[in-house]
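S.K.: build the 3D model from these lines:
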Amino acid sequence: MNCIMPLYASLAPDNKYDPVFERQLAHGVTIALRPLSLPNDWPFIVKWLHRAFGRFSPAAYLPDKHLRETFSIMLQCDFAQPFVGLINDQPVFLVELCDGDKQCDEWEPGTHIFEPGDHSMRLLLSHAVMHTRYWSEYALFSCLDYFFSHPQVKRIVWQLHEKDKYYISLANQAGVIHSRASAVQVFLYLRENFTCFLSTYHRHMQKLS
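M.R.: The predicted structure follows:
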């Protein structure tokens with residue numbers, strides 16, 4: 001049974017919670033989300049971070065200690081939450097959500113003006129997800145499914161650097177509104193649009209094989 005908790009819950013960095021979301025998908029694939037647990041998850045999370053952002057993000061050049069402290073603070077606050085995504089019980093992606101009212105964005109000012117009900121998402125996929133057919137779609141759709149199950153989430157904002165070709169291709173799914181500011185592309189997922197998408201969600205997932 002899924003663990004029930006608020007979308008933003010202040011957690012200890014070494015928390016050990018059961019999944020807050022779980023779905024059975026096509027051909028025996030199970031996908032789940034649980035809160036990040038730093039002692040157990042950090043060894044592979046830090047590898048994903050350096051691999052994904054090494055080309056253009058300042059975060060890649062920060063010491064591992066600083067990155068770990070950032071996630072520790074995020075876990076303990078009440079307006080942001082990092083989750084580890086599991087496919088068939090294996091940790092394979094990281095997703096972060098932050099309340100737009102409290103958003104402190106790394107992108108340049110003016111990229112997106114956050115409105116009430118906006119929540120900022122960041123998705124980090126492991127090598128295994130990016131190179132296994134349809135797993136990236138499983139990850140994205142399941143994250144949106146879980147986040148929109150919380151009534152305070154009206155829109156999800158995903159901001160990507162223009163060099164992030166893989167993620168931009170992935171983001172252009174599930175009924176987004178797209179805009180661009182300088183080198184940053186902004187993808188907006190609206191609750192009402194995703195609700196329409198969700199009406200054919202399970203049938204769509206069954207076709208991803």
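S.K.: can you tell me the SS state at the closest residue to residue 170 other than its chain neighbours?
M.R.: Leaving aside its sequence neighbours, residue 170 sits nearest to residue 136 (Cβ to Cβ, 6 or more residues apart in numbering; 5.3 Å). (Glycine included, C-beta is placed from N, CA and C.) Put simply, residue 136 is helix when judged by DSSP: H, G, I helix; E, B strand; the rest coil.
S.K.: quick check: residue 136 touching residue 129?
M.R.: Yes. Contact criterion Cβ atoms under 8 Å: residue 136 and residue 129 qualify, at 5.6 Å.
S.K.: tell me which stretches of this protein form strands.
M.R.: Applying DSSP state E to the chain gives strands spanning 21-24, 30-35, 80-87, 90-99, 118-125, 155-161, 176-181, 184-190.
S.K.: what's across from the most centrally placed residue in the chain in the sheet?
M.R.: Residue closest to the average C-alpha location in the chain (Cα atoms, centre = their mean): residue 95, at 2.7 Å. Assessed by DSSP bridges, residue 95 has beta-bridge partners residue 83, residue 123.
S.K.: per-residue pLDDT of the residue nearest to residue 170, please?
M.R.: Note on residue 136: pLDDT of 91.
S.K.: contacting residues around it?
M.R.: 125, 129, 130, 166, 170 (Cβ atoms under 8 Å, 6 or more residues apart in numbering).
S.K.: with neighbour count added, can I get those in JSON lines?
M.R.: As requested, the contacts of residue 136 are exported to JSON lines (neighbours: other Cβ atoms under 10 Å):
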{"residue": "125", "neighbour count": "22"}
{"residue": "129", "neighbour count": "21"}
{"residue": "130", "neighbour count": "16"}
{"residue": "166", "neighbour count": "13"}
{"residue": "170", "neighbour count": "20"}
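S.K.: nearest to residue 145 among the residues you listed?
M.R.: Nearest to residue 145 among the contacts of residue 136: residue 170, at 15.4 Å, using Cβ to Cβ.
S.K.: what separation do you get for the closest one and residue 147?
M.R.: 16 Å (Cβ to Cβ, to the nearest Å).
S.K.: list the buried residues in the longest helix seen in the chain.
M.R.: The longest helix of the chain (DSSP state H) is helix 38-53. The neighbour-count check on helix 38-53 (16 or more other Cβ atoms under 10 Å) flags 38, 41, 42, 45, 48, 49, 50, 52, 53 as buried.
S.K.: again with stretch 17-34
M.R.: Within stretch 17-34, the residues that count as buried by 16+ other Cβ under 10 Å are 19, 20, 21, 22, 23, 25, 29, 31, 32, 33, 34.
S.K.: what's around residue 63, how many residues?
M.R.: Neighbourhood size, residue 63 [other Cβ atoms under 10 Å]: 8.
S.K.: residue 97 contacts residue 120, doesn't it?
M.R.: Yes. Look at residue 97 against residue 120 with Cβ under 8 Å: they come within range, at 7.1 Å.
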